[in-house]
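# below: sequence and its predicted model.
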Amino acid sequence: MYGPNERGPCIATKLVFAASEERNQRRNPLPTGNTGFPRPPSAAYARPPKAHSETGFVEIAADDFARRFSLRAANLMWLLGAGSSAAAGIPTAGDMIWEFKQTFYISQRRASPKLVADLSNPAIRAQLQAHVDSAGKLPAAGAADEYAALFEAVYPAEADRRAYLDSKMAGAKPSYGHLVLATLMRAQLARLVWTTNFDPLIADACAKGL
């Protein structure tokens, strides 16, 4: 968690409000036309936000967010995930999972890295996955603990895992989104940022403006 004057990682590819935002709207609904005010044409109303079927978060359109942000900037929090780091060239957890499988295969089969170099090739992915499955001790593809289990299987020592992550973050520079968020933070228009990322790119973006 980071405030406007703190260092830390972080811009999201989607802008979302928590489900509590939707509950607040139900408790305090906006005027609907039975209030004595002229009702604008129906086309002027945006579609009501819908909860994402998997996450439960409420997704809103960019123009809807812009209107809300103009009134509520100081009361909003930002949640940044892997998309923000990917925009700066840092691999996502999904990318790393396939690198782990590749390393696992090469080290155990003593195979040439060139044979499985193209991780975008479905045939190579199937080959790597078959080897992982044959180990009989690792989670199935897509399992919630797949990333952690593979990371620890390939690099059992914590120092090696840290070195691996450091190598992926080395040389990364803040993306345009990081710089925009840093600007909002300096202007006190973004007061609180949460992130699941390891990198310090939002801190680096903030430092550029000092």
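Great, that's in hand.
# now do the strands in the chain.
Residue ranges of the strands in the chain, as given by DSSP state E, are 16-17, 50-51, 58-59, 77-80, 192-195.
# buried set for the last one?
Applying a neighbour-count criterion of 16 or more other C-beta atoms under 10 Å, one finds 192, 193, 195 buried in strand 192-195. From N, CA and C alone the C-beta is placed, and that goes for glycine too.
# re earlier: quick one, which of the strands of the chain is nearest to residue 184?
Comparing the strands of the chain against residue 184 with C-beta to C-beta, the closest turns out to be strand 77-80 (8.6 Å).
# next, the buried residues of the closest one.
Buried residues in strand 77-80, counted by 16+ other C-beta under 10 Å: 78, 79, 80.
# present the strands of the chain as a markdown table; the columns should include distance to residue 142.
Formatted as a markdown table, the strands of the chain follow (distance: least, C-beta to C-beta, whole Å):
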| stretch | distance to residue 142 |
| --- | --- |
| strand 16-17 | 23 |
| strand 50-51 | 23 |
| strand 58-59 | 23 |
| strand 77-80 | 23 |
| strand 192-195 | 24 |
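# so where's the chain shaky on pLDDT?
For the chain, applying pLDDT under 70 flags the ranges 1-55, 209-210.
# give me the nearest residue to the residue nearest to the spatial centre of it, chain neighbours excluded.
Nearest to the mean C-alpha position of the chain, by C-alpha atoms, centre = their mean, lies residue 81 at 1.8 Å. Nearest non-adjacent residue to residue 81, counting by C-beta to C-beta, 6 or more residues apart in numbering: residue 196, 5.7 Å away.
# which ones are touching the one you found?
80, 81, 82 (C-beta atoms under 8 Å, 6 or more residues apart in numbering).
# how far away from the center of its chain is stretch 79-95?
Centroid separation for stretch 79-95 versus its chain: 6 Å, with C-alpha atoms, centre = their mean, to the nearest Å.
# now the terminal residues of it, how far apart.
21 Å (C-alpha to C-alpha, to the nearest Å).
# re earlier: ok, of the buried residues of strand 77-80, which one's closest to residue 183?
So of the buried residues of strand 77-80, ranked by how close each gets to residue 183 (C-beta to C-beta), first place is residue 78, at 12.9 Å.
# from residue 208, how far off is that closest one?
Counting by C-beta to C-beta, to the nearest Å, the gap from residue 78 to residue 208 is 18 Å.
# and the contacts of the longest helix along the chain?
Counting residues, the longest helix found in the chain (DSSP state H) is helix 93-109. Residues from elsewhere that reach helix 93-109, judged by C-beta under 8 Å, 6+ apart: 82, 91, 111-113, 116, 119, 125, 127-129, 131-132, 135, 146-147, 150-151, 153-154, 168.
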